[in-house]
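1. Let's see this in three dimensions:
(one chain, ligands or ions: 1)
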Amino acid sequence: MSFLQLRGVEKIFGDHKVIKGVNLDIEKNEFIVFVGPSGCGKSTLLRMIAGLESIDGGSLHVDGRDITHLPSSQRELAMVFQSYALYPHMTVYDNMSFALKLAKVPADEIRRKVEDAADKLNLTPYLKRTPKELSGGQRQRVAIGRAIVRAPKIFLFDEPLSNLDAALRGQTRVEISKLHRALGVTTIYVTHDQVEAMTLADRVVVLRDGMVEQVGAPLELYDKPANQFVAQFIGMPSMNIVKAAQLSQFGALAGQAANRVPADGLIGVRPEGVRVLPVGSAGVPGKVELIEALGADTLIHVDVMGTPMISRQAERTHLHIGDPVSLEFDLNTLHGFDKAGRMVSLA
Ligand SMILES: Nc1ncnc2c1ncn2[C@@H]1O[C@H](COP(=O)(O)OP(=O)(O)OP(=O)(O)O)[C@@H](O)[C@H]1O
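-> Have a look, this model is predicted:
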């Protein structure tokens, strides 16, 4: 049995089933990230694992033990919230030691654990401060420290970085990654942020409407999405999707690829697989709609007979909005989908 095992897990709010039979196997020390559109049930599933929401169907085992209906306090898990949820009038030290005091851990052991965690999180100079005397990033580190001292079997993170600005998010993300490598504790992390998902996860779980769409290593999902939903959810900007019937009008090469999917199927191509060439080159004719010069790379939005497509290139561009261009697709990176959006092999 895997370290954490979910079988047919369900959640019903009123008459609305929001988690619809989730099966998952998570191994010890893995870093798992839940992603999916707003409202798909990421937080609910995490809270069910934490014991903060009841499990209405199915089972949850951790380390061989059935904890489906065990109260949160007995699950040996620790959760870090987006809002930090620190006690405002307690010092950092007291916030971090609170759960241990409740558990009647001896004072010298508490001190050792808190000081050790503070050291790992660069919080030693702040132990006597209260949360309001800390920055957002420092507060989040206290929340993480409070989880660490309890030596939980699993860390649960619910969008822990979403209140931080972009620079601090990046920095704290790196710290969380290092911490995971140092502590090796099984971690489940919910986020909206693609970069967090791709960089932190050993495996990403893509959820949609209360169900698991695909589970895999970040680049596995990027390179081999099981369906159109995952293909378009993973990757920024999203994978371009064109109807195969439309693509077959675009010259012999594109037609070859289009012929390998059903006539009513779809072809997907990532922005980096689309090259913008001067008008008149062999390729698919289009018109530039928007240019986003991001510095390190450039996104060129092109209208192809009413279908919007995005090209990502490392070079800067002299093109302007309204310019006619030709698009060339990298045929090695095309993805095929049937009418229902399921992946079909183009090989
Ligand atoms: N306490 C509740 N009572 C009723 N419905 C709820 C409750 N909590 C969540 N829901 C519903 O369950 C669904 C899943 O919500 P959840 O917060 O898990 O989604 P999410 O994927 O985490 O979304 P977001 O990314 O926006 O935070 C939503 O339709 C939500 O409205």
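
2. ok, residue 153 - how many residues close by?
-> Residues within reach of residue 153, counting by other C-beta atoms under 10 Å, total 18. C-beta coordinates here come from the backbone N, C-alpha and C atoms, glycine included.

3. so how far is residue 186 from the nearest residue to it once chain neighbours are set aside?
-> Distances taken as C-beta to C-beta, 6 or more residues apart in numbering put residue 76 closest to residue 153, at 4.6 Å, once the chain neighbours are dropped. Distance of residue 76 to residue 186, computed by C-beta to C-beta, to the nearest Å: 11 Å.

4. Please say which of the two ends up with more neighbours.
-> Using other C-beta under 10 Å as the criterion, residue 76 and residue 186 rank with residue 186 on top: 23 against 15.

5. I'd assumed residue 92 was in contact with residue 126.
-> Yes: in terms of C-beta atoms under 8 Å, residue 126 counts as a neighbour of residue 92; the distance is 5.2 Å.

6. The two - which one has more neighbours?
-> In this view residue 126 and residue 92 are compared by other C-beta under 10 Å, and residue 92 has more residues nearby, 27 against 21.

7. anything in contact with each of residue 126 and residue 92?
-> Residues touching both residue 126 and residue 92 (C-beta atoms under 8 Å, 6 or more residues apart in numbering): 118, 134, 142.

8. any chance of those residues in CSV, plus neighbour count?
-> As requested, those are exported to CSV (neighbours: other C-beta atoms under 10 Å):
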residue, neighbour count
118, 22
134, 18
142, 27
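
9. Closest one to the ligand out of those residues, please.
-> residue 142 (23.0 Å; C-beta to the nearest ligand atom).

10. That closest one in helix, strand or coil?
-> In three-state terms, and counting by DSSP: H, G, I helix; E, B strand; the rest coil, residue 142 is helix.

11. which residues sit in contact with it?
-> With C-beta under 8 Å, 6+ apart, residue 142 has these contacts: 84, 86, 92, 95-96, 121, 123, 126, 131, 134.

12. so which of the residues you listed is the most crowded?
-> residue 96 (29 neighbours).

13. contacting residues for that residue?
-> Residues near residue 96 by C-beta under 8 Å, 6+ apart: 114, 117-118, 142, 145-146, 149.

14. The chain against the ligand: which residues are in contact?
-> Taking C-beta under 6 Å from any ligand atom as the measure of proximity, the chain contacts the ligand at 13, 18, 36, 38-44, 192.

15. now for these, which pair is the farthest apart?
-> Largest separation among the residues of the chain next to the ligand by C-beta to C-beta: 13 and 192, giving 21.0 Å.

16. Which one of those two is surrounded by more residues?
-> Neighbour count, other C-beta under 10 Å: between residue 13 and residue 192, residue 192 has more, with 14 against 11.

17. Look up which helix or strand the more buried one falls in, please.
-> Counting by DSSP states H and E, no helix or strand carries residue 192.

18. same deal with residue 300?
-> Per DSSP H and E: strand 298-304 holds residue 300.

19. chain center to the next helix-or-strand element following that strand: distance?
-> Sequence order places strand 307-313 as the next helix or strand after strand 298-304, per DSSP H and E. In terms of C-alpha atoms, centre = their mean, to the nearest Å, the centre of strand 307-313 is found 23 Å from the chain centre.

20. List the neighbouring strands of strand 307-313 plus their orientation.
-> Strand 307-313 has these partner strands in its sheet, going by DSSP bridges: strand 298-304 (antiparallel).

21. Got the domain ranges for the chain?
-> Here the domain parsing of the chain from automatic domain parsing is 4-228, 237-344.

22. With residue 34 as the reference, measure out to the residue in the stretch 51-200 of the chain positioned nearest to the ligand.
-> Residue nearest to the ligand within the stretch 51-200 of the chain (C-beta to the nearest ligand atom): residue 192, separated by 5.8 Å. According to C-beta to C-beta, residue 192 stands 10 Å off from residue 34.

23. How about residue 12?
-> 19 Å.

24. Please settle this for me: is residue 114 part of a helix?
-> Yes: membership of residue 114 in a helix is supported by three-state DSSP.

25. Would you mind listing the residues in contact with it?
-> Residues in contact with residue 114, defined by C-beta under 8 Å, 6+ apart, are 93, 96-97, 100, 127, 145, 149.
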